[in-house]
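# this is a predicted model, with the sequence first.
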Amino acid sequence: MSADIRAKVAELLPGIRRDLEGLVRIESVSADPARAGEVERSAQRTRDLFAAEGLEVEIVRAHEGAPPAVIGERPGPEGAPTVLLYAHHDVQPENDHADWDSPPFEPTERGERLYGRGAADDKAGIAAHLGALRVFGEELPVTVKVFIEGEEEVGSDTLPALLEQYADRLAADVIVIADSGNWDIGVPALTTSLRGLVRMDVEIRTLTHAVHSGMWGGLAPDALMTLARLISTLHDDAGEVAIAGLHSGPAAEVDYPEERLRAESGAAPGLEWIGTGSAVERLWTKPALSITGLDAPKVEGASNTLVPAARARISMRIAPGDTTANATARLTEHLERHVPWGATLRTTVVDTGEATQIDATGPAYDAARAAFTEAWDGTAPIDMGVGGSIPFIAEFLETFPQASVLVTGVEDPDTRAHGANEGLHLAEFERVIVAEALMLRNLAG
Ligand SMILES: [Zn+2]
């Protein structure tokens, strides 16, 4: 049976690949108003591709002028579960063409990969869903619904409205979100946790106006030095976040090899890692805090003046299991308690996004794990965390609390989604389709 599916995918692959290439040639950059027509075109092409698989398909939008999403449905056998397949048809800007080794919107095969903007993120997600449906042709084992969004790369602003307006037509027992990735070439993964985010601007004021550093230095502290001291209290000497009351949790026991960490992070020679615990704990299930911006006078032209006020932006990733309300309160408390020398502190929350912990148990997860293990020749999927946040996943969990949400995808550590030379690993892509088809079969029971 699994051999049949494998053979069928191999036979279908050239056609799936052609359809993927057709999608990549459409410049559906949602962040570029000048290419709104291309986003429309990619929605139409996506609609046509699913219509050809016998789905009842429609382009929908939250309101007039909102980005186009594609929704569709094809019923399976009486009593079979309903599976909603998610992907997005918009892409990130390609940025400087000079950074690409081949034109970003001309899909090009080199080595083991197919290069192009969206070749992986996330037009390959659409193609994987199509491929899995084609395996079954007229005999779908489950009722299939699709939801292909057109604004994921610009923050999914109208997603909550769409999910609400079309809740009945999107409701499902299982939701497969194909917009993440696998652990490594040859090692599949299910994404089960995502960190949340709290961004806060911190302003320190020590003087009502600038004064001569020779006249007042030694008595009055300048704001930059004061801010630097405050910032330095946010980590201990080991680089562990030193804010009391933040949540941390355990991560899967996976080894992230040192060479991979060095290569993928772009660490400068000799750099030491910060924090404690396994690498994946530090990246997925513990809080992290960085300074991502600083307002201060430029070095060039700096005068002998005590700087009266300075500002920094704190970007804090919070662990699955924590809440942005708790993290914001603990961070504010810490800053108030540690501000030195009676300086005036002002904090402003910039934005927040909740962390996500997916309950990765139950029959849908059993079906998925068995399918992945089979597709990867006996290698079981690992429960992967993502250090960043994907807010739309929380939207699905909230709108459909009774559904099992499976977060999968085609990406691998060298996909370079959002960067130049984005590329899809073709052999892994084939396994992703096999896995999805096996999963649909397993979900049918
Ligand atoms: Zn994506």
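Right, received. Where do you want to start?
# quick one: Val405 is in a strand?
Yes. Assessed with DSSP: H, G, I helix; E, B strand; the rest coil, Val405 lies in a strand.
# residues touching the residue nearest to it when sequence neighbours are not counted, list them.
Nearest in space to Val405, with sequence neighbours left out and distances taken as C-beta to C-beta, 6 or more residues apart in numbering, is Ile175 at 4.8 Å. C-beta coordinates here come from the backbone N, C-alpha and C atoms, glycine included. Taking C-beta atoms under 8 Å, 6 or more residues apart in numbering, we find Ile175 in contact with 83-84, 86, 396, 400, 403-406.
# do the same with Asp322
For Asp322, the contact set (C-beta under 8 Å, 6+ apart) comprises 196, 246-247, 287, 355.
# re earlier: out of the contacts of Ile175, flag the one nearest to Leu190.
Of all the contacts of Ile175, Leu406 has the smallest distance to Leu190: 6.4 Å, by C-beta to C-beta.
# pLDDT below threshold where in the stretch 151-300 of the chain?
Within the stretch 151-300 of the chain, no range satisfies pLDDT under 70.
# what does it put close to the ion?
With C-beta under 5 Å from the ion as the criterion, the stretch 151-300 of the chain comes near the ion at residues Asp179.
# so Ala368 sits right up against Leu190, yeah?
Yes. With contact defined as C-beta atoms under 8 Å, Ala368 counts as touching Leu190 (6.3 Å).
# which residues do these two both contact?
Going by C-beta under 8 Å, 6+ apart, residues that sit against Ala368 and also against Leu190 are 381, 406, 408.
# related to what we said a few turns ago, and Ala368 and Leu190? Which one has more around it.
Ala368 (25 against 22; other C-beta atoms under 10 Å).
# show me what the helix or strand where that one lies is packed against.
In this assignment (DSSP states H and E), Ala368 forms part of helix 363-375. Here helix 363-375 touches strand 189-194, strand 404-408, helix 426-443, going by 3 or more C-beta pairs under 8 Å, 6 or more residues apart in numbering; DSSP states H and E.
# if I've got this straight, Val135 is in a helix?
Yes. Counting by three-state DSSP, Val135 is part of a helix.
# so what's it up against?
By C-beta under 8 Å, 6+ apart, the neighbours of Val135 are 5, 8-9, 12, 433, 437.
# which one of those sits closest to the ion?
Closest approach to the ion among the contacts of Val135 (C-beta to the ion): Ile433, at 17.7 Å.
# any idea of the pLDDT on the residue nearest the centre of the chain?
Centroid check for the chain by C-alpha atoms, centre = their mean gives Ile390 as the closest residue, at 4.4 Å. Looking at Ile390, its pLDDT is 77.
# for it, give me its contacts.
179-180, 194, 356.
# any chance of CSV for these, columns secondary structure?
CSV is the format used below for these (three-state DSSP):
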residue, secondary structure
Asp179, coil
Ser180, coil
Leu194, strand
Thr356, strand
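# may I ask which two of those are separated the most?
Asp179 and Thr356 (13.4 Å).
# quick one: end-to-end length of stretch 286-301, please.
41 Å (C-alpha to C-alpha, to the nearest Å).
# give me the helices and strands touching the longest helix seen in the chain, please.
As assigned by DSSP state H, the longest helix anywhere in the chain is helix 2-24. If you count contacts as 3+ C-beta pairs under 8 Å, 6+ apart, helix 2-24 packs onto helix 36-51, strand 113-115, helix 123-136, helix 426-443.
# touching that helix from outside, list them.
42, 45-46, 49, 89, 105, 107, 114, 116-119, 123-124, 126-127, 130-131, 134-135, 374, 424, 426, 430, 433-434, 437-438, 441.
# what's the answer for stretch 231-249, then?
Contacts of stretch 231-249 (C-beta under 8 Å, 6+ apart): 273-276, 281, 285-289, 291, 312, 314, 316, 318-322, 326-327, 330-331, 333-334, 338, 357.
# among those residues, name the buried ones.
275, 281, 285-289, 312, 314, 316, 318-320, 322, 327, 330-331, 334, 338, 357 (16 or more other C-beta atoms under 10 Å).
# picking up where we left off before, TSV for the contacts of Val135, including pLDDT and neighbour count?
As requested, the contacts of Val135 are exported to TSV (pLDDT from 0 to 100; neighbours: other C-beta atoms under 10 Å):
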residue	pLDDT	neighbour count
Ile5	97	23
Lys8	98	18
Val9	98	25
Leu12	98	19
Ile433	98	28
Ala437	98	27
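# check which helix or strand covers Phe392.
Applying DSSP H and E as the criterion places Phe392 in helix 391-399.
# most neighbours of all the contacts of Ile390, which one?
Most surrounded of the contacts of Ile390: other C-beta under 10 Å gives Leu194, at 26 neighbours.
# which ones are touching that residue?
Leu194 sits next to 320, 355-356, 385-386, 388-390, 393 when contact means C-beta under 8 Å, 6+ apart.
# ok, Ala124 next?
Contacts of Ala124 by C-beta under 8 Å, 6+ apart are 20, 118, 410, 424, 429, 432.
# separation between the fourth one and the ion?
To the ion, Leu424 is 13 Å away according to C-beta to the ion, to the nearest Å.
# I'd like to know how many residues surround Glu138.
7.
# now swap in Pro33 and tell me
Pro33 - counted by other C-beta under 10 Å - has 8 other residues nearby.
# and it, what are its phi and psi?
The phi and psi values for Pro33, taken as degrees, to the nearest 10, are phi -60, psi -30.
# how about the contacts made by it?
No contacts exist for Pro33 under C-beta under 8 Å, 6+ apart.
# how close does it get to the ion?
For Pro33 relative to the ion (C-beta to the ion), the value is 20 Å.
# let me know the pLDDT of that residue.
pLDDT, Pro33: 97.
# Pro297 against Ala309, yeah?
No. Judged on C-beta under 8 Å, Pro297 makes no contact with Ala309 at a distance of 10.7 Å.
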